[in-house]
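Asks: My questions are about this predicted structure, shown below with the sequence.
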Amino acid sequence: MAAKKKEIARIAKIQLIGGQAKPGPALASIGINMGEFTKQFNDLTKKDRMGDVVPCVITAYTDKSFTFIIKSTPASVLLKRTAKIEKAGHNQLTDNVATITKEQALEIAKAKMADLNAYDEEAAVRMIAGTAKQMGIRIKDVDLCPKKTAKLNAKKESN
């Protein structure tokens with residue numbers, strides 16, 4: 001006889017600090033064994049992601065058991081670390097708080113590639129550049145709209 005399929009009670013997305021998760025209201029509302037979750041989470045993130053912001057998707061089942069998936073660190077956190085800034089700019093149009101190189105953006109894109117829905121590294125870099133633009137961080141030599149730029153260049157050449 002086949003085993004019964006567990007019934008999902010809730011799927012929750014939370015962000016915790018790697019290696020430093022503690023039982024609290026964020027975990028209590030999910031309805032899982034908080035002590036067991038924090039032990040497993042901290043053991044997984046203690047070695048390589050200690051102190052980083054770690055997004056986590058927790059699937060809670062009706063029998064109080066759970067499974068969780070750890071995602072990569074958010075792009076905004078990686079951009080702030082790379083640009084060596086504490087806070088992003090308040091107004092993306094007027095605030096330019098830092099500038100990073102395309103190579104640095106490519107490193108971030110490679111780190112995030114598993115969680116991005118991009119087909120190649122160039123598209124991933126443009127996604128990272130869009131996040132950077134909203135934060136007031138400029139990336140050298142990255143065109144956010146390559147098709148539009150190509151049309152404008154073609155128009156200039158024909159005139």
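Replies: Thanks, I have it.

Asks: quick one: contacts for residue 109?
Replies: By CB atoms under 8 Å, 6 or more residues apart in numbering, the contact set of residue 109 is 116, 118, 121, 124-125, 127-128. Just so you know, the C-beta spots here come from the backbone N, C-alpha and C atoms, and that holds for glycine as well.

Asks: residue contacts, residue 44?
Replies: Residue 44 neighbours (CB under 8 Å, 6+ apart): residue 70.

Asks: rerun at 10 Å
Replies: 18-19, 21, 54, 56, 68, 70 (CB atoms under 10 Å, 6 or more residues apart in numbering).

Asks: Same check on residue 43?
Replies: By CB under 10 Å, 6+ apart, the contact set of residue 43 is residue 19.

Asks: hmm, back to that, got a quick PyMOL command for the buried subset of the contacts of residue 44?
Replies: One line in PyMOL is enough to select the buried ones among these; burial here means 16 or more other CB atoms under 10 Å:
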select buried, resi 18+19+21+54+56+68
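
Asks: Which residue ranges of the protein form helices?
Replies: 25-28, 34-45, 75-83, 102-112, 121-135, 146-158 (DSSP state H).

Asks: Relative to residue 92, which of those is closest?
Replies: Smallest distance to residue 92 across the helices of the chain (CB to CB): 5.4 Å, for helix 121-135.

Asks: What are the buried residues along the closest one?
Replies: In helix 121-135, counting by 16+ other CB under 10 Å, buried: 124-129, 131-133, 135.

Asks: Dump the residues you listed to a markdown table, plus pLDDT.
Replies: Putting the buried residues of helix 121-135 into a markdown table (pLDDT from 0 to 100) gives the following:
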| residue | pLDDT |
| --- | --- |
| 124 | 91 |
| 125 | 91 |
| 126 | 89 |
| 127 | 90 |
| 128 | 92 |
| 129 | 90 |
| 131 | 90 |
| 132 | 90 |
| 133 | 88 |
| 135 | 89 |
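
Asks: Name the nearest of those residues relative to residue 153.
Replies: residue 126 (17.7 Å).

Asks: Could you find the closest non-adjacent residue to the closest one?
Replies: residue 144 (5.9 Å; CB to CB, 6 or more residues apart in numbering).
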